[in-house]
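Q: dropping the sequence and predicted coords here.
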Amino acid sequence: MKELILRLDPALRQALDDLADARGRMPEEIAEEAVRNHLHAEGRLVRSLAERIAKEHAELLRRLGE
């Protein structure tokens, strides 16, 4: 696994530490989970938008493929 240095403002770092403490986990685990969830959600959004655009422009895309 590659390392990533993430600089957080003190309030955000404190919130991360507090959440990790409340869940009995390490702050790094909470941050990794948050990044994973965000990437998953953004990936779904991008796929959804791409599908919508492809449907809206299906005829044009078909003609370009001829």
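A: Happy to help now that I have it.
Q: can you list phi and psi of D18 for me?
A: Main-chain dihedrals, D18, degrees, to the nearest 10: phi -60, psi -40.
Q: distance check, it against R63.
A: Taking Cβ to Cβ, to the nearest Å as the measure, D18 falls 57 Å from R63. Yep, even glycine has a C-beta here, placed from its N, CA and C like the rest.
Q: can you tell me the element R13 falls in?
A: helix 10-23 (DSSP states H and E).
Q: what's in contact with that helix?
A: With Cβ atoms under 8 Å, 6 or more residues apart in numbering as the test, helix 10-23 has contacts from L8, M26, P27, E29, I30, A31.
Q: how about the strand or helix carrying V46: buried residues?
A: If you go by DSSP H and E, V46 is part of helix 27-56. Under the neighbour-count criterion of 16 or more other Cβ atoms under 10 Å, helix 27-56 has P27, I30, A31 buried.
Q: sounds good, over and out.
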